[in-house]
Structure formats: structure tokens, C-alpha cells
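> Quick check, what structure comes out for this input:
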Amino acid sequence: MTFKNISVDLFFKFFILENYTSFFNFSVDEIYDRGASYESDSHKPTIRALLIVAYSVIIVISLFGNLVVCHVVIKNKRMHSVTSLFIMNLAIADILITVLNTPFTLVRFVYRTWVFGKAMCHVSRFAQYCSLHVSALTLVAIALDRYQVVMHPMRKRMSRVKGVAWIGVIWVMGSCFSLPHAIYQTLIRFEFFKTRVRLVCLPNFPHPSDLFWKYLDLTTFILLYVLPVAIISISYLVVAKKVWFRNAVGDVTVAQSAALRRKKKTTLKMLIAVVAVFAVCWFPLNCYVVLLSSKMIQANNAVYFTFHWLAMSSTCYNPFIYSWLNHNFRAELRALPLLGRLAKVNAIQQS
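The predicted structure is shown next:
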């Protein structure tokens, strides 16, 4: 067997010699592989069943909820605003990671081998990072758009055409940021005692691979998590201060002012909730990856499973937030045939 660089060499030594403490290159999907022996806890029936149930719940809820979001935005003409387009873009990013990453990660966790071939080894990695980057950049775009609307209400709003153009830019940027993680993937075959065979999908970075990996993870964390969250937080703090404590420009009556302020507050609450879910769900895993690649901590299976599941679960919550805080979204949900019938049944049962 030939290995291209030190990251693969160390991986080989890790599995053959079971040297758990000296192996130090980590990335999002391979942390678990490098933190356990071949006969891992994921082979225990209870743990396997727990993983299957936990990830299956995410997949089902995420797919259903985000497809409904896309349907509502497309069908409801009242929601054809720039903000709604950005919200639909978030849903598409969540669908991407749900379809092209979460199921593959689950199967790899449970069966401890990669069964999807070389192409999907690259595609699955790309989907995970691209979804993360697109979500972060879209949330920044929403925050800046709301800042423009609230702080400069007399200026012309961003048009739908310009919004679509910005969405295209976001996907190009997200793809470019994700390519290093996707390109430097390799599929390696391991034979254990000539009776067991494993295929492992893992990064294979250029020399010096440890530094390349460390600074790539750190740069990704800062530029596509810390910086976006900081920009979003500052924007919403400024916007919230004006919405809560100042009257809107052009109000004619007290009732009109109160109604407009309530609407703006509700929209702001919804967007802040979406950002908060993203930030909270992805922060533990991002920190874990950076600390591992910097050799500041050692891998822990239970911790990684918890953080990874939490990050993947971020794809499920947004539809519930929209249903809770967006009147147009709730009204369109009730108009859907299936959900409309369920709502009627529920109303009959409560009467």
C-alpha cells in the first residue's frame, strides 16, 4: 500500500498500532474514525439503534420541513420578497446537507466503513461544508438587508432580481470555500489480518499536512463562522435598538405606528431566532474540530456524536420558527391539503 503524505501514513499507523494519543489530524467527518478502535462502540446494538433513530429523525423532519418552506415561498405571492428568497435559500442548503451528507455519515458511523464509492467521498464532504458556508453567508445577507430596510427606510429596497443574483454569488463563494475540503479527499482500503476489509474516506492534504489541516480548519472557523456571526449580531443589535425605541419614518397615526412596529418586531424575532439556532447548533462542533486539529484535546466518541448530531439538527428547526412567528407562512401551511386536514381534525377534537 502506498501513502501520499504524512496524514495518510499516520492514519495507517493509528489503525494498525492503535496509537490513540499521537494521531493528530482531524476533520469534521473523520474525527470519530480516529477516536476509536476498529471494534468501536458503534457496533454495540444499543448504540447502533440510538444512532439510527437520532439521525433518522433529523433526516425525516428536515426534508419534510424544508420542502414545505420552499413550497410555501414559491406558491405564496405575498412571500416573494428578498427576505423570503433568502429564507428559501437557507432551506435549500439544509436539504443539501440532509440528502448528501447526513445519511452517508450515519451509515459510516454504524458500519465503520465507507460503502458509497470514491465520487461520493468527495461529494459528501463538499455538501457538508458548502451547506455550512451558504447558510452563514445567507444569514449575513438577510441581516444586512434588514439593516438597510430599518435604518434607511426611504431608500429603495433590494429587488428580487438583485436578491437572486446575490444568492448566486453566495453559492459560488460557498463552493469555492468548500473545494479544498472536497478535493483533498481520498478513499483508502485497509485489510485487517486478511479477513476484514475497510474503506475509509479521509482527507489527504499536501505536505506539511498537519499545518495545512490546522490552518484550513482555523481559517474556516474564523471567516465562515466567527466573522459572520459577529456581523449579524452587530447588525441586529443596531436594528433592534431602532425598532424597539424609535418611531418609524412616515407614520401617520399612533395605531399605524404601533402596528408597523409590531410587524417589524415579529420579523426581527424570527430572524434572530434563526441565527441563534445556527450559532448554537454549529458552535460546539466547530470548536471541537479546531481544538482537535490544533492538538489541544483528544478525541472522544460520545462528545463528537453529540456535537455532530446537534449540528445536523440545525436543519430541522427553521420551519418551526417560521410557523411560530410568520403569519403568512402559517396561513399558507393551513392551505396545504394534508396539513389543512390535520388542522381541521385537531380543531374538531378540541371543540
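
> now the residue nearest the centre of the chain, what's its secondary structure?
Among the residues of the chain, the one closest to the centroid is Leu132, at 4.4 Å (C-alpha atoms, centre = their mean). With DSSP: H, G, I helix; E, B strand; the rest coil as the basis, Leu132 sits in helix.

> residues touching it, list them.
By C-beta atoms under 8 Å, 6 or more residues apart in numbering, the residues touching Leu132 are Ile97, Leu224, Tyr225, Trp282. (Glycine included, C-beta is placed from N, CA and C.)

> ok, now with 7 Å
Contacts for Leu132 (C-beta atoms under 7 Å, 6 or more residues apart in numbering) come out as Leu224, Trp282.

> how far away is it from Val200?
23 Å (C-beta to C-beta, to the nearest Å).

> what's the answer for Arg48, then?
Taken as C-beta to C-beta, the span from Arg48 to Val200 is 19 Å.

> Which residue of the two possesses the greater neighbour count?
The neighbour comparison of Arg48 against Val200 (other C-beta atoms under 10 Å) goes to Val200, with 21 against 15.

> For the host helix or strand of that one, what does the pLDDT average out to?
Here Val200 is covered by strand 196-203, with elements defined by DSSP states H and E. The average of the pLDDT scores along strand 196-203 is 80.

> low-scoring stretches of this protein, by residue?
1-43, 192-195, 245-261, 336-351 (pLDDT under 70).

> So which residues of it form strands?
185-192, 196-203 (DSSP state E).

> Which of those strands has the highest mean neighbour count?
strand 196-203 (a mean of 18; mean count of other C-beta atoms under 10 Å).

> Walk me through which strands that strand pairs with, and which way each runs.
Paired neighbours of strand 196-203 in the sheet (DSSP bridges): strand 185-192 (antiparallel).

> quick one on the thing from earlier: could you check how far the residue nearest to the centre of the chain is from Ala299?
21 Å.

> swap in His327?
Distance from His327 to Ala299, by C-beta to C-beta: 46 Å.

> These two - which one has more neighbours?
Ala299 (20 against 10).

> List the contacts of Gln148.
Gln148 neighbours (C-beta under 7 Å, 6+ apart): Arg155.

> Tell me the spacing between it and Thr138.
Counting by C-beta to C-beta, the gap from Gln148 to Thr138 is 16 Å.

> Check Tyr288 too.
In terms of C-beta to C-beta, Tyr288 sits 24 Å off from Thr138.

> and these two? which has more neighbours close in?
Neighbours were counted for Tyr288 and for Thr138 using other C-beta under 10 Å; Thr138 has more, 27 against 22.

> Run a quick neighbour tally on Lys75.
With other C-beta under 10 Å as criterion, Lys75 counts 12.

> Once you drop chain neighbours, what's closest to it?
Glu332 (6.7 Å; C-beta to C-beta, 6 or more residues apart in numbering).

> residues contacting the one you found?
Val72, Lys75, Asn76.

> Out of the residues you listed, the closest to Ser233 would be?
Distances from Ser233 to the contacts of Glu332, taken as C-beta to C-beta, are shortest for Val72 (27.9 Å).

> right, and the closest one touches Phe329 too?
Yes. Here Val72 reaches Phe329: they are 5.8 Å apart, a contact under C-beta atoms under 7 Å.

> Can you work out which residues contact both of the two?
What both Val72 and Phe329 touch, as defined by C-beta under 7 Å, 6+ apart, is an empty set.

> same for the longest helix that the chain contains, what does it pack against?
Taking DSSP state H as the criterion, the chain has its longest helix at helix 254-293. On a contact count with 3 or more C-beta pairs under 7 Å, 6 or more residues apart in numbering; DSSP states H and E, helix 254-293 meets helix 117-151, helix 209-221, helix 227-245, helix 301-325.

> For those helices, give me CSV that also has distance to Ile183.
Below are those laid out as CSV (distance: least, C-beta to C-beta, whole Å):
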stretch, distance to Ile183
helix 117-151, 7
helix 209-221, 11
helix 227-245, 23
helix 301-325, 22
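
> Of these, flag the one that's most buried.
helix 117-151 (a mean of 21).

> Name the nearest residue to Asp217, sequence neighbours excluded.
Ser293 (4.5 Å).

> Could you double-check that that neighbour sits in contact with Leu216?
No. Ser293 is beyond contact range of Leu216, at 8.2 Å (criterion: C-beta under 7 Å).

> Determine the number of other residues adjacent to the nearest residue to His80 once chain neighbours are set aside.
Spatially, and ignoring its direct neighbours in sequence, His80 is nearest to Arg160 (6.6 Å; C-beta to C-beta, 6+ apart). The local packing of Arg160 (other C-beta under 10 Å) involves 13 other residues.
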